[in-house]
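S.K.: need a structure here:
(one chain, ligands or ions: 1)
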Amino acid sequence: METPTMKPDTVLILDFGSQYTHLITRRIRSLNVFSLVLSGTSSLTQISSHNPRVVILSGGPHSVHAPDAPSFPDGFVEWAAGNGVHVLGICYGLQLIVQRLGGVVVEGESKEYGKMEIEVKRESEVFGKGRVGEKQVVWMSHGDEAVKLPHGFEVVAQSAQGAVAALENRERRIYGLQYHPEVTHSPKGMETLKHFLFDVCGVSADWKMEDLMEEEIKVINKTVAADEHVICALSGGVDSTVAATLVHKAIGDRLHCIFVDNGLLRYKEQERVMDTFERDLHLPVTCVDASEQFLSHLKGVVDPETKRKIIGKEFINIFDEFAKELEKKHGKKPAFLVQGTLYPDVIESCPPPGTDRTHSHTIKSHHNVGGLPKDMKLKLIEPLKLLFKDEVRELGRILNVPVGFLKRHPFPGPGLAVRVLGDVTQGNALEVLRQAITSQDGMTADWFNFEHKFLDDVSRKICNSVQGVNRVVQDITSKPPSTIEWE
Ligand SMILES: Nc1ncnc2c1ncn2[C@@H]1O[C@H](COP(=O)(O)OP(=O)(O)OP(=O)(O)O)[C@@H](O)[C@H]1O
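M.R.: Purely as a prediction, here's the structure:
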């Protein structure tokens, strides 16, 4: 008999555009509590559909007085009260609560920005018993300030400048912090968040990766009918590998993976990843050696963007061919495509109100190298779309993906093509590069950790042992693509 899965307690974050919103989510998940981000202007139906125990209203760059200031929907406070949901406003979230419930927020005389000292002024739920008089340093970042609280609310902490730093209305289960408890510059912030979630709201720390995995497997089994087939393009990277392993656990060999050797892979890459796919993970993988095809199209091409486009197009041709072969073999077109979309991609596609990015409501398609042809009409399976990268690694560990593999450094699709300046087919550039950059763990990316002695040794070793290399350069730019590609 199937055991019913209990939904974990959910903490919903309504995002009003703070740069720290995702940090709150991650901090809460690190306490084994499931947490999700929704746009701050989501409808009440969207909010209530998640059945949250707690709703946190995030900070944001706006003033509540701005004409287009984003806010929670009408009826939200009544819905929360009627359903026993606790509400916590952080920074802008606190000001929204004050303004919407009949208090007064004004532009502060002096802005509070950076580290501030606050003092607990009375017995409160949000800080816990016996804390009156306690001082703590917190991180603030606001211009407006609450000067008159709505009926039934109390100031429970004040900043050194006398501004409201925390408030609550126990009866209505509504709380507010004018500072950011989620950042490390508020040293007692996590303690306050923990106390709030567990002691005040009674949330259970019952979110486990194993549960999420079982839940995903059920969803995949429900989505993919017993006679349907699924394809997945494996890059040898963490995301597609973990996604494929999970789908394989759900539907077995109705999953068909393809790994393309485009002639631009690292030293012994093909052997290494195929070994992991087949020997360790038992994934059904077709390895297509298309190196000649790719390299012939790249001959004479020097512009990196053109290289990327050519590579993307070739990938698509090969995936298309693979799907046709599968149709011939199984008498049915594959209906689904597995993609390793992660939560940051999902969030990025639905930016908060008031930012200069627009809502797209669609997830970025960069995960399938240039996008698959529209006429393939594949439906997407994105089993990692609620996870952050470190959580994907944890899921990978549970699925027995070798740890060394999970720690690999990202190596995007265009591969060595954008690590060789100019025409990649000239001379033996690819071979020289393969010999020169191979690193066993592929993890040594923190340039500032390298000591001069180490750099000196590496440079000597490469120049002395790899014929064709006469200069070793380290790029210290910390912004992609410099962190990972040369051009
Ligand atoms: N050599 C390859 N063979 C087959 N598919 C590939 C190959 N390289 C990339 N892909 C596909 O394109 C997707 C995007 O490639 P990219 O290198 O940007 O990966 P990513 O987003 O970092 O994810 P991953 O961790 O899976 O590599 C991969 O997830 C994979 O589905």
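S.K.: Pretty sure residue 15 sits against residue 41.
M.R.: No: under the criterion of CB atoms under 8 Å, residue 15 is not in contact with residue 41, lying 9.3 Å apart. For every residue, glycine as well, the C-beta is placed using N, CA and C.
S.K.: Which of the two has more residues huddled nearby?
M.R.: residue 15 (29 against 17; other CB atoms under 10 Å).
S.K.: roughly how far apart are the more buried one and residue 40?
M.R.: 5 Å (CB to CB, to the nearest Å).
S.K.: what does residue 175 give?
M.R.: Taking CB to CB, one finds residue 175 at 17 Å from residue 40.
S.K.: State which helix of the protein is the longest.
M.R.: Counting by DSSP state H, the longest helix found in the chain is helix 304-330.
S.K.: Going by neighbour count, list what's buried in that one.
M.R.: Using 16 or more other CB atoms under 10 Å as the test for burial, helix 304-330 gives 304, 307-308, 310-312, 314-316, 318-319, 322-323, 326.
S.K.: Check which element follows it along the chain.
M.R.: Sequence order places strand 336-338 as the next helix or strand after helix 304-330, per DSSP states H and E.
S.K.: partners of that following strand, with directions?
M.R.: strand 230-233 (parallel), strand 379-381 (parallel) (DSSP bridges).
S.K.: Wondering if the first one reaches the ligand at all.
M.R.: Yes: using CB under 6 Å from any ligand atom as the criterion, contacts between strand 230-233 and the ligand involve residue 233.
S.K.: contacts for that strand?
M.R.: Defining contact as CB atoms under 8 Å, 6 or more residues apart in numbering, one finds that strand 230-233 is touched by 224, 240, 243-244, 247, 251, 254-260, 315, 319, 322-323, 326, 334-338, 368-369, 378, 381.
S.K.: Of all the strands paired with strand 336-338, which one is nearest residue 124?
M.R.: Shortest distance between residue 124 and the strands paired with strand 336-338, using CB to CB, is found for strand 379-381: 46.5 Å.
S.K.: ok, and for the helix or strand just after the closest one, which residues are buried?
M.R.: Note on strand 379-381: by DSSP H and E, the next helix or strand toward the C-terminus is helix 389-398. Neighbour-count burial for helix 389-398 flags 391-396 (criterion: 16+ other CB under 10 Å).
S.K.: Return the item of those residues having minimum pLDDT.
M.R.: Lowest in pLDDT among the buried residues of helix 389-398 is residue 391, which has 90.
S.K.: quick one: contacts for that one?
M.R.: 29, 209 are the contacts of residue 391 under CB under 8 Å, 6+ apart.
S.K.: again, 7 Å this time
M.R.: residue 209 (CB atoms under 7 Å, 6 or more residues apart in numbering).
S.K.: Next, find the distance separating it from the ligand.
M.R.: As for residue 391, its distance to the ligand is 14 Å (criterion: CB to the nearest ligand atom, to the nearest Å).
S.K.: and what of residue 51?
M.R.: Residue 51 is 32 Å from the ligand, by CB to the nearest ligand atom.
S.K.: Is that residue located within a helix, as I assumed?
M.R.: No: assignment of residue 51 by DSSP: H, G, I helix; E, B strand; the rest coil gives coil, placing it outside any helix.
S.K.: Not counting residues beside it along the chain, what's closest to it?
M.R.: The shortest distance from residue 51 to any non-neighbouring residue, by CB to CB, 6 or more residues apart in numbering, is to residue 10 (6.6 Å).
S.K.: Correct me if wrong: that neighbour contacts residue 53.
M.R.: Yes: contact criterion CB atoms under 7 Å: residue 10 and residue 53 qualify, at 6.4 Å.
S.K.: more crowded one of these two?
M.R.: Shown here are residue 10 and residue 53; by other CB under 10 Å, residue 53 has more neighbours (21 against 18).
S.K.: and the closest residue to the ligand within the stretch 201-350 of the chain, how many neighbours?
M.R.: Taking CB to the nearest ligand atom, the ligand has its nearest neighbour within the stretch 201-350 of the chain at residue 237, 2.0 Å off. Using other CB under 10 Å, residue 237 has 17 other residues around it.
S.K.: If you drop the residues flanking it in sequence, what lies closest to it?
M.R.: residue 410 (6.1 Å).
S.K.: where does that neighbour sit relative to the ligand, distance-wise?
M.R.: Distance from residue 410 to the ligand, by CB to the nearest ligand atom: 5 Å.
S.K.: Around that residue, how many other residues sit close by?
M.R.: Neighbours around residue 410, by other CB under 10 Å: 14.
S.K.: Residue 233 versus that one, what's the distance?
M.R.: Where residue 233 is concerned, residue 410 sits at a distance of 16 Å (CB to CB).
S.K.: Please enumerate the strands of the protein.
M.R.: 10-15, 34-39, 54-57, 86-90, 104-120, 135-148, 154-159, 164-169, 174-177, 230-233, 255-261, 285-289, 336-338, 379-381 (DSSP state E).
S.K.: Kindly compare burial across those strands and name the winner.
M.R.: Comparing these by mean neighbour count (mean count of other CB atoms under 10 Å), strand 174-177 ranks first with a mean of 28.
S.K.: Put the alpha carbons of that one into PDB.
M.R.: Only the C-alpha atoms of strand 174-177 are listed here, as PDB (Å, rounded to 0.1, in the frame of the first residue of the first chain):
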ATOM      1  CA  ILE A 174       1.700  39.600  12.700                       C
ATOM      2  CA  TYR A 175       5.300  40.500  13.300                       C
ATOM      3  CA  GLY A 176       7.900  42.900  11.800                       C
ATOM      4  CA  LEU A 177      11.700  43.400  11.900                       C
END
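S.K.: Which residue is the nearest non-sequential neighbour of residue 310?
M.R.: residue 297 (5.1 Å).
S.K.: what's the neighbour count on the one you found?
M.R.: 16.
S.K.: Against residue 318, how distant is it?
M.R.: 12 Å.
S.K.: Next, the buried residues of stretch 262-274.
M.R.: The neighbour-count check on stretch 262-274 (16+ other CB under 10 Å) flags 262-266, 269-270, 272-274 as buried.
S.K.: How much space separates residue 434 from residue 474?
M.R.: Look at residue 434 and residue 474: by CB to CB, they are 19 Å apart.
S.K.: Then residue 468?
M.R.: For residue 468, the distance to residue 474 - CB to CB - is 19 Å.
S.K.: Find me the pLDDT at residue 351, would you?
M.R.: For residue 351, pLDDT reads 54.
S.K.: Neighbour count: residue 434 and residue 474, which is higher?
M.R.: Each of residue 434 and residue 474 has its neighbours counted (other CB under 10 Å); residue 434 has more, 18 against 9.
S.K.: Just confirm that one contacts residue 266, I think it does.
M.R.: Yes: here residue 434 lies in contact with residue 266, judged by CB under 7 Å, at a distance of 6.3 Å.
S.K.: will you turn the buried residues of stretch 262-274 into TSV that also has distance to the ligand and pLDDT?
M.R.: As requested, those are exported to TSV (distance: CB to the nearest ligand atom, whole Å; pLDDT from 0 to 100):
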residue	distance to the ligand	pLDDT
262	6	90
263	10	89
264	8	87
265	7	87
266	11	86
269	9	88
270	9	92
272	13	90
273	9	92
274	11	95
